[in-house]
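Sequence and predicted structure are below.
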Amino acid sequence: MIARFTRKDFLEALFAQYYKEHRGFILVKSFKRGDPKMSTRYFPNIDILAKEHYGEDRDVYFAVCPRERMKAEKEHIHYLVALWADLDIGGEGHEEKNIFFEGPQQAAKAIRSFPRAPSIIVESGRGAHLYWLLRVVEKIDDPARVEKALRNISEHLQCDTDINLDAVLRLPETVNTKIPGRPVNCDVKFINPNFRYTLDDFEDLGKRVVAPPPKPASPPPRPLRPVPPSSFSDEPQVNPHQMMSSGSGMDDSLVLDETIIDELIDDISMAGSLVADSSVVGDTPHLASNAHPGTPSIVSPGASSPTSGVRPVLTAISTTSSVLERLSASRTEVEISLLGSSTIIQGILTWNENGLIGVESGEDLYTIPLSSISFIRSAAE
């Protein structure tokens, strides 16, 4: 299974702004199971680490906070680029933990209900790592304040997050070898670098979603199979507005379509990227589309670009097909942002069918696959 987002995409989202302003190092630790020796290296830029190859017999972790010197101690951490959380899904590989999400429905519900949409979701191997990018690279004048924000996230999601500034998490495009003979890939599943926050946005997160305590005996792993679109049909539906930020420092509300989360988390729980058996899921709809067939990934950016005739208000969309039908029937003027591109297409939405939309822009006519769309912006009604 090939991840749509690469390790380089991931590292650039986290560290590109830092390296524009500072010269520091990304700490990386790796080891082989059963070998007491731990390798510690320091990478001076994104490109070198993006190309670094690690064998399938090594577990690899990186430090979210860069170091100003090639030293691992906390006193060499001066800047913060993101906040993070570590969600364990299923009992397999987490037997020693007191807290984990029993299955994908519980994990997806917790993420959907979390009041700050994550900027990045990584499949860590039978779990998920969430990252919330900061608007600016924060100088850490008060480490306790940062760790309090991490603790707020951890308690709200009730997950097993390391709340220390020197925490390390799995590096994407490496392998989780925790269970002998059953290695699982660590891959990036979602990135929207426009989702950015301040530390103030995590000081009061409101009501906590509690994960039920794990059962004494973990159920056997489910067999690998394509995930039907109805996997979450029995879950109570969550209004996407519950994902909107209420932080006073926000310019726009940040909304992550709940269908994206459902698919991402269900894919993680199914261990869809088992190294030895990746071909088994070859017929599964590609996760990178972030939606069921015929449903676009529609999210709001962290900042709006001025466009005449279009107000900077995003329509939060849950049932996207009906919304698109209405927009095309009324020939609504829209802005469309494409995944992995800074291109913005402005025009009249004229039709949508078979996973495609038609946009009329002046004398040009565009036919755009829904799976390639990052967000659609339309005027408020």
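Arrived safely, thanks for sending.

Tell me how far residue 323 lies from residue 349.
10 Å (CB to CB, to the nearest Å). The C-beta positions use only the backbone N, C-alpha and C, and glycine is treated the same way.

Neighbour count: the two, which is higher?
Ranked by neighbour count (other CB atoms under 10 Å), residue 323 and residue 349 place residue 349 first, with 24 against 18.

now the helices for this structure?
Taking DSSP state H to define them, one finds helices in the chain at 7-21, 46-51, 104-113, 143-157, 258-269, 320-329.

Wait, residue 346 touches residue 361, no?
Yes - taking CB atoms under 8 Å as the definition, residue 346 is a contact partner of residue 361 at 6.2 Å.

Scan the helices and strands of the chain for the one with the lowest mean pLDDT.
Here the helix or strand of the chain ranked lowest by mean pLDDT, DSSP states H and E is helix 258-269, holding a mean of 59.

rewinding a little: pick out the shakiest of the helices of the chain, pLDDT-wise.
Mean pLDDT is lowest for helix 258-269 among those, at a mean of 59.

Return the most buried member of the helices of the chain.
Highest mean neighbour count among those (mean count of other CB atoms under 10 Å): helix 258-269, with a mean of 25.

Point out where the stretch 101-250 of the chain drops to low pLDDT.
Along the stretch 101-250 of the chain, segments meeting pLDDT under 70 span 207-250.

do that again at 80, thanks
For the stretch 101-250 of the chain, the stretches flagged by pLDDT under 80 are 101-105, 125-126, 160-162, 206-250.

which stretch among the helices of the chain comes nearest residue 190?
helix 258-269 (5.9 Å; CB to CB).

From residue 49, how far off is residue 27?
Taking CB to CB, one finds residue 27 at 10 Å from residue 49.

Actually, residue 10.
Residue 10 is 10 Å from residue 49, by CB to CB.

Kindly report the same for residue 21.
18 Å.

now residue 200
In terms of CB to CB, residue 200 sits 31 Å off from residue 49.

ok, longest strand in the chain?
Criterion DSSP state E: the longest strand present in the chain is strand 127-139.

in that strand, what's buried?
Across strand 127-139, burial judged by 16 or more other CB atoms under 10 Å covers 127-135, 137-138.

So what are the structural domains in this structure, by residue number?
Following automatic domain parsing, the chain resolves into domains at 7-289, 293-381.

Just the CA trace of stretch 31-42, in PDB.
What follows is stretch 31-42, C-alpha atoms only, in PDB (Å, rounded to 0.1, in the frame of the first residue of the first chain):
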ATOM      1  CA  PHE A  31      17.100   0.200  17.300                       C
ATOM      2  CA  LYS A  32      16.600  -3.500  16.500                       C
ATOM      3  CA  ARG A  33      14.300  -5.500  18.800                       C
ATOM      4  CA  GLY A  34      16.500  -7.600  21.200                       C
ATOM      5  CA  ASP A  35      19.600  -5.500  20.500                       C
ATOM      6  CA  PRO A  36      20.400  -3.200  23.500                       C
ATOM      7  CA  LYS A  37      22.300  -0.800  21.300                       C
ATOM      8  CA  MET A  38      20.400   2.400  20.400                       C
ATOM      9  CA  SER A  39      21.500   4.500  17.500                       C
ATOM     10  CA  THR A  40      21.100   8.300  17.900                       C
ATOM     11  CA  ARG A  41      21.700  10.700  15.000                       C
ATOM     12  CA  TYR A  42      21.100  14.400  14.300                       C
END
